[in-house]
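*Asks:* Give me the fold of what follows.
(chains A and B)
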Amino acid sequence: MFLKQVSVFLENADGRLGSALNVLKNENINIISLSLADTTEFGMLRMIVSDPEKAKTALKSAGLSAHLTDVFAIKLPHVVGSLQSVVETISKAGINIEYMYALSTKDENACIVIKPADKEACAKALEGMKLDFVTDDMIKNF
Amino acid sequence: MNKIWNEAKECMSRDEMSVLQSKRLKKQVDYVYHNVEHYRKKMQSVGLEPGDINGIEDLNKLPYTTKDDLRDTYPFGLFAAPQSEIVRIHASSGTTGKATVVGYTRRDIEIWSECVSRALTMCGLGRNDIVQVAYGYGLFTGGLGAHYGVENLGATVVPMSTGNTKKLITMMKDFGATGIMCTPSYLLHIAETIIENGDLENIKLRAAVCGAEPWTEKMRLQIEEKLHLNCHDIYGLSEIMGPGVACDCELHQGLHIQEDHFLPEIISPETLEPIGENELGELVFTTLTKEGIPLIRYRTKDLTSITRCSCGCGRTTARIARFKGRSDDMLILRGVNVFPSQIEAALLELSETLPHYMIIIDRVNNLDTIEVQVEVEERFFSDEIKELEKLTKRIEGVIKQAIGLAVKVKLVEPKTLDRSEGKSVHVIDHRVFD
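*Replies:* Next up, the predicted model:
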């Protein structure tokens, strides 16, 4: 049900994003989707990549602060209200969404990445919805 | 020429001064030996008795005192007078976060006030002046020390303390204040605010008496130019007394030490041997008349030089040059003594191991700014921005608790801070003091 996301702490300064991306390029790791959150002092780069474990190890040995976080990646049809119904289910269960962003896909569906405050409770809440999840074993050939 | 508050003491011949200092030193050493166990043991350990000290020529026989002696005897161990005679306590930061505590008898307060009055007279102030004291009031000696000196002078004191620049300027205008006492960086900030508001023509300031932090001759001239007044440098430290230990006269050729109360020496911080006139070294003071907490050969860690030639103002007291820095790692930020070790101890509170950190000090618009950079390591990592911001606030909180000053914490990537061999550099000070 879960998908591993790589998070990297970056200083809000020239060349920091570039150095992180360089590491992934040299390790032949494909970036499938990313989101970059910024504050005045620092940024948080969150990525779905072809090999998250390898990415984490490579980034860390390059001296960057990298972590793996479990997120939900849910395939959604291009139909009005499909995202709304997922968000409504999560919020009705009293679970806060920390952040979300879109995951690019090759098929005709849309895909959304969601990081809830409580992943176990969220998994339970989404159980009954018959959703299509993108999981770790699928991501290598995504 | 400005008046002299106590001509008999400030203008006595060098020979007379030596005789007076010798007499007072002998008495002070005897008093300390019989009233402070710590000193008695220190003297006994080098085989000294009060009778061995017959004058200032014997000063070199006495052991030094450092902040460690104050820390080891915290809080009252070096007090020579019984608590019933102590009328006031002041305190400043110690190296380990434990405060350095000093106590004053009624006579100590009188002598302190006398010293500040002498300084204010040097600055051209007198009983017809209205003086705003904008040093912090409290455990810090600046506020109350200045306050009592202004009262003793017979001038009118306005106890502003710090923190409300707008009110300070309003009262400066409305009361027609002619003198101000505060840190030089704060005065520059005040000056800029006055100029910005177009208030310069509405103020009557004639003299400023600044101290409690390192500053430059350039800053002094800048203040004079901006505010059209005479700006003076007052020096002191709580261990010895507080502000008023020395001050410069209108000729600004060094700070006159109140030598009949504080006996100065300059030593090499490396060899600890006394060094000659006009040579740079560490300033050491022996109190000559102190009752509460008399200190023998107290190492101030302040680097300066001394001259004993007489001054054009008529005073004969020894003068110290503008300070060139310190021989330890103590920082003076917004007038407050801060040791990097205090910040280190605060960071240790957050986890079992010390994170890599760097303290960056700068002066923006004449106010000291303190940024503490902390590396985001494994144990601090969260990919949620609100958690990282919470962490930043928490670090800022523990540091403020430890040093009493607000700092800005900046999280940085791991392994980006200096890791030089041996003792790594934890402080970058961008302020200029030449």
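*Asks:* How about the residues of chain A by chain B?
*Replies:* A:5, A:7, A:9-11, A:16, A:37, A:39, A:41-42, A:44, A:46, A:63-65, A:67, A:69, A:98-99, A:115 (CB under 8 Å from any CB of the partner chain). No exception for glycine: its C-beta is placed from N, CA and C like everyone else's.
*Asks:* Could you chop chain B up by domain?
*Replies:* Taking automatic domain parsing as the criterion, chain B consists of the domains B:7-327, B:339-429.
*Asks:* how about those domains, which one is nearest A:Pro52?
*Replies:* A:Pro52 lies closest to domain B:339-429 among those, at 12.8 Å (CB to CB).
*Asks:* Taking chain A, what residue is nearest to chain B?
*Replies:* Chain A approaches chain B most closely through A:Ser7 (3.4 Å), counting by CB to the nearest CB.
*Asks:* Can you classify the closest residue to that residue other than its chain neighbours by secondary structure?
*Replies:* Residue nearest to A:Ser7 in three dimensions, not counting chain neighbours: B:Asp383, with 3.4 Å by CB to CB, 6 or more residues apart in numbering or on different chains. Assigned by DSSP: H, G, I helix; E, B strand; the rest coil, the conformation of B:Asp383 is coil.
*Asks:* Around B:Asp383, how many other residues sit close by?
*Replies:* 24 (other CB atoms under 10 Å in any protein chain shown).
*Asks:* Likewise for B:Cys249?
*Replies:* With other CB under 10 Å as criterion, B:Cys249 counts 26.
*Asks:* Straight-line length of stretch A:18-32, end to end?
*Replies:* 17 Å (CA to CA, to the nearest Å).
*Asks:* typed the wrong thing, it's stretch B:58-69
*Replies:* 22 Å.
*Asks:* Go through the domains of chain B and name the closest to A:Ile32.
*Replies:* Nearest to A:Ile32, of the domains of chain B and by CB to CB, is domain B:339-429 at 17.2 Å.
*Asks:* Ends of the closest one, what's the gap?
*Replies:* 13 Å.
*Asks:* Quick one: mean pLDDT for stretch A:83-95?
*Replies:* For stretch A:83-95, mean pLDDT rounds to 95.
*Asks:* so what are the domain limits for chain A?
*Replies:* What automatic domain parsing lists as the domains of chain A is A:3-68, A:71-139.
*Asks:* Looking at those, spot the one closest to B:Lys408.
*Replies:* Among the domains of chain A, domain A:3-68 sits nearest to B:Lys408 (CB to CB), with 9.3 Å.
*Asks:* all helices for the chain, in order.
*Replies:* Reading this off chain A. A:16-26, A:52-61, A:82-92, A:119-127, A:136-139 (DSSP state H).
*Asks:* Please refer instead to chain B.
*Replies:* B:7-10, B:14-35, B:37-45, B:67-72, B:106-122, B:141-153, B:165-175, B:184-196, B:217-227, B:340-348, B:385-403.
*Asks:* tell me the mean pLDDT over the third one?
*Replies:* I take that to be helix B:37-45. For helix B:37-45, the mean confidence score works out to 96.
*Asks:* doesn't B:Gly211 make contact with B:Leu187?
*Replies:* No - with contact defined as CB atoms under 8 Å, B:Leu187 does not reach B:Gly211; the gap is 10.6 Å.
*Asks:* what's the weakest-modelled helix or strand in chain A?
*Replies:* helix A:136-139 (a mean of 84; mean pLDDT, DSSP states H and E).
*Asks:* Dump that one to PDB, restricted to CA.
*Replies:* The C-alpha trace of helix A:136-139 is given here as PDB (Å, rounded to 0.1, in the frame of the first residue of the first chain):
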ATOM      1  CA  ASP A 136       7.400   0.000  -4.100                       C
ATOM      2  CA  ASP A 137       7.600  -3.100  -6.300                       C
ATOM      3  CA  MET A 138       5.900  -1.300  -9.100                       C
ATOM      4  CA  ILE A 139       8.100   1.800  -9.100                       C
END
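*Asks:* quick one: buried residues of that helix?
*Replies:* Of all the residues in helix A:136-139, those buried under the rule 16 or more other CB atoms under 10 Å in any protein chain shown are A:Ile139.
*Asks:* hmm, who's touching that helix?
*Replies:* A:Phe2, A:Leu3, A:Lys4, A:Ile32, A:Ile48, A:Val49, A:Ser50, A:Pro52 (CB atoms under 8 Å, 6 or more residues apart in numbering or on different chains).
*Asks:* Look at the spatially closest residue to the third one that is not a sequence neighbour and report its pLDDT.
*Replies:* Setting aside the residues directly before and after it, A:Lys4 is nearest to A:Pro52 in space (CB to CB, 6+ apart), at 4.1 Å. In the prediction, the pLDDT value recorded for A:Pro52 is 95.
*Asks:* Would you mind confirming that A:Pro52 makes contact with A:Thr69?
*Replies:* No - in this structure, A:Pro52 is not within contact of A:Thr69 by CB under 8 Å, at 9.6 Å.
*Asks:* okay, and for chain A, where does confidence drop off?
*Replies:* For chain A, applying pLDDT under 70 flags no range at all.
*Asks:* Kindly list the longest strand within it.
*Replies:* strand A:65-76 (DSSP state E).
*Asks:* if we can go back for a sec, selecting buried members of the contacts of helix A:136-139 in PyMOL, what would you type?
*Replies:* Selection of the buried residues among the contacts of helix A:136-139 in PyMOL, burial being defined by 16+ other CB under 10 Å:
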select buried, chain A and resi 3+4+32+48+49+50+52
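*Asks:* from the contacts of helix A:136-139, which two are the most distant?
*Replies:* A:Phe2 and A:Ser50 (16.7 Å).
*Asks:* So what touches the helix or strand of chain B with the lowest mean pLDDT?
*Replies:* Least confident helix or strand of chain B, by mean pLDDT, DSSP H and E, is strand B:325-326 with a mean of 79. The contact list for strand B:325-326 (CB under 8 Å, 6+ apart) reads B:Pro214, B:Lys301, B:Asp302, B:Leu303, B:Phe433.
*Asks:* List the residues that contact the residue of the stretch 251-400 of chain B found nearest chain A.
*Replies:* Distance from chain A to each residue of the stretch 251-400 of chain B (CB to the nearest CB) is smallest for B:Asp383, at 3.4 Å. Applying CB under 8 Å, 6+ apart to B:Asp383 gives the contacts A:Gln5, A:Ser7, A:Met44, A:Arg46, A:His67, A:Thr69, A:Lys115.
*Asks:* Mind doing that once more with 6 Å?
*Replies:* Neighbour list for B:Asp383: A:Ser7, A:Met44, A:Thr69 [criterion: CB atoms under 6 Å, 6 or more residues apart in numbering or on different chains].
*Asks:* Run a quick neighbour tally on the residue nearest to B:Met43 when sequence neighbours are not counted.
*Replies:* Nearest residue to B:Met43 in three dimensions, chain neighbours excluded: B:Tyr33, at 6.1 Å (CB to CB, 6+ apart). By other CB under 10 Å, the residues close to B:Tyr33 number 21.
*Asks:* Surely B:Tyr33 touches B:Lys41?
*Replies:* No - using CB atoms under 6 Å, B:Tyr33 is not in contact with B:Lys41, being 10.2 Å away.
*Asks:* and the closest residue to B:Gly136 other than its chain neighbours, how many neighbours?
*Replies:* Among residues not flanking B:Gly136 along the chain, B:Thr162 sits closest, at 4.9 Å (CB to CB, 6+ apart). Applying other CB under 10 Å, we find 20 other residues in the vicinity of B:Thr162.
*Asks:* Next one: the residue nearest to B:Met43 from chain A, what distance?
*Replies:* B:Tyr33 sits 57 Å away from chain A, going by CB to the nearest CB, to the nearest Å.
*Asks:* And the pLDDT for that residue?
*Replies:* 97.
*Asks:* quick one, what contacts the residue of the stretch 101-250 of chain B at minimum distance from chain A?
*Replies:* Of all residues in the stretch 101-250 of chain B, the one sitting closest to chain A is B:His189 (24.3 Å; CB to the nearest CB). Contact analysis of B:His189 by CB under 6 Å, 6+ apart lists B:Asn366, B:Leu367.
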